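K.L.:
Need the 3D shape of this:
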Amino acid sequence: AGVMRTLRVSVMSPEATPASKSWYIVAHDPAGPLGWGEAVEGFEVVQMHNSAIVYGGVPARETDVLLMFETKDRVPPGSRLVLERPPSFVGVKCAGFFLRRISFPTASDCADPEPEEDVVITINSTLPA
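P.N.:
Got it, this is the predicted structure:
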């Protein structure tokens, strides 16, 4: 028996759950295919409930951005929230004082992203459903 291997990849999910949700993997060596597998069940694409982003819409001014969302599942420690912003929103600050946790675990961190990077917030404690 072989050793179970785990591989983590990042994908851009579609806007809605597709008709076919199966994933297919094939292992190859230089001579050709070695084996294959299929995960027929796949996963549902579900938007976070009650999600919203609110900010002061005054042009060319620094403003706070309020992120609101609900999760249907418990979010374990070590999870990350990735905020993809429009390219014209530059100069994002979320480290230290700039990450204000209103009803969010205090054990969470954010590093100021480079201009082309997404904002990544790491959750270091459990986020209940």
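K.L.:
check contacts around the residue nearest the centre of the chain.
P.N.:
Geometric centre of the chain, nearest residue: residue 82, 4.1 Å, by C-alpha atoms, centre = their mean. The contact partners of residue 82, taken as C-beta atoms under 8 Å, 6 or more residues apart in numbering, are 118-120. In this view, the C-beta of every residue, glycine as well, is placed from N, C-alpha and C.
K.L.:
Separate out the buried members of the residues you listed.
P.N.:
Among these, the ones that count as buried by 16 or more other C-beta atoms under 10 Å are residue 119.
K.L.:
From the contacts of residue 82, pick the one nearest residue 49.
P.N.:
residue 119 (20.9 Å; C-beta to C-beta).
K.L.:
so what's that closest one bridging to?
P.N.:
residue 83 (DSSP bridges).
K.L.:
start the count at 57, not 1, going forward
P.N.:
Done: numbering now begins at 57, and the last item shifts to residue 175.
K.L.:
Let me know the pLDDT of it.
P.N.:
The model reports residue 175 with a pLDDT of 89.
K.L.:
my guess is residue 93 contacts residue 81, does it?
P.N.:
Yes. Taking contact to mean C-beta atoms under 8 Å, the distance of 5.2 Å between residue 93 and residue 81 places them in contact.
K.L.:
Distance to residue 85 for the contacts of residue 138 - can I get that in CSV?
P.N.:
Output for those, formatted as CSV (distance: C-beta to C-beta, whole Å):
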residue, distance to residue 85
174, 35
175, 40
176, 36
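K.L.:
from the contacts of residue 138, which is closest to residue 133?
P.N.:
Looking across these and measuring by C-beta to C-beta, the closest to residue 133 is residue 176, at 15.1 Å.
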